[in-house]
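Enquirer: Sequence unavailable; structure follows:
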């Protein structure tokens, strides 16, 4: 059973900032929050991973509040090519298994 | 990020034959490898977890005699679909966990293998 909850779908327009929020009320102390992007007929692509506060890389930012019960993936100025399914997962390394939920289907419109 | 490759990218076979899919971690040593299956419009379903040199651990409902997993080295795992049937047609994705050049452990996915059983 997936340990995270995300919106099933979102719509946006080119050039806008998109924020996808993920709930993980039962996050464990050693869990990292990890986001993946998947295009049709491709494997998931790692986007970003964080533990607390804010993490930023060249493609996205990840905001994590102090209680860590939720997180927000922020995609700045999306383009049509950002249309994909985005998955939020909890990763704790070792032998922990990544169990996928339904993800968020983001559609970016012209 | 780290790179995981899969071969072949797509395969078509006749019912009753066996198909082998290779998964390699190209620039890091994978402590653990995972195999997932994904049907159209659905999310990824974990099939099994394997560690180098030991037997794979299968998820409930996955037949271990049908989906043979071999994890021969820290960079190679194979999935063999034995006596494939049309219902085994799916998108198979491998995943490798390890530390890339950033020394942070995370999990990376291969590009997937599309299997069509006729």
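Expert: Yep, that arrived. Please read all numbers here as calculations on a predicted model, not as lab measurements. Numbering: from 1, shown residues only, chains lettered A, B, ... in the order given.

Enquirer: switch to C-alpha atoms for all contacts and neighbour counts from now on
Expert: OK.

Enquirer: Report the spatially closest residue to the residue of chain A found nearest chain B, excluding sequence-adjacent ones.
Expert: Nearest to chain B in chain A, going by Cα to the nearest Cα, is residue A:43, at a distance of 4.4 Å. Among residues not flanking residue A:43 along the chain, residue B:111 sits closest, at 4.4 Å (Cα to Cα, 6 or more residues apart in numbering or on different chains).

Enquirer: give me the number of residues near the one you found?
Expert: Residues contacting residue B:111 under the criterion other Cα atoms under 10 Å in any protein chain shown number 24.

Enquirer: Where do the strands of chain B begin and end?
Expert: Taking DSSP state E, the strands of chain B run over residues B:4-7, B:10-13, B:19-25, B:30-38, B:45-51, B:57-58, B:67-73, B:76-81, B:90-99, B:105-109, B:113-117.

Enquirer: The first one packs against which elements?
Expert: In other words, strand B:4-7. strand B:19-25, strand B:90-99 (3 or more Cα pairs under 8 Å, 6 or more residues apart in numbering or on different chains; DSSP states H and E).

Enquirer: ok, residue A:37 - contacts?
Expert: Taking Cα atoms under 8 Å, 6 or more residues apart in numbering or on different chains, we find residue A:37 in contact with A:44, A:45, A:46, A:47, A:84, A:85, A:86, A:87.

Enquirer: Surely the last one is in contact with residue A:100?
Expert: It refers to residue A:87. Yes. Look at residue A:87 against residue A:100 with Cα atoms under 8 Å: they come within range, at 7.2 Å.

Enquirer: residue ranges with poor pLDDT in the chain?
Expert: With no chain named, the answer covers chain A. In the predicted model of chain A, residues A:1-2, A:93-95 satisfy pLDDT under 70.

Enquirer: was after chain B, sorry
Expert: If you take pLDDT under 70 as the line, chain B has these spans: B:1, B:100-103.
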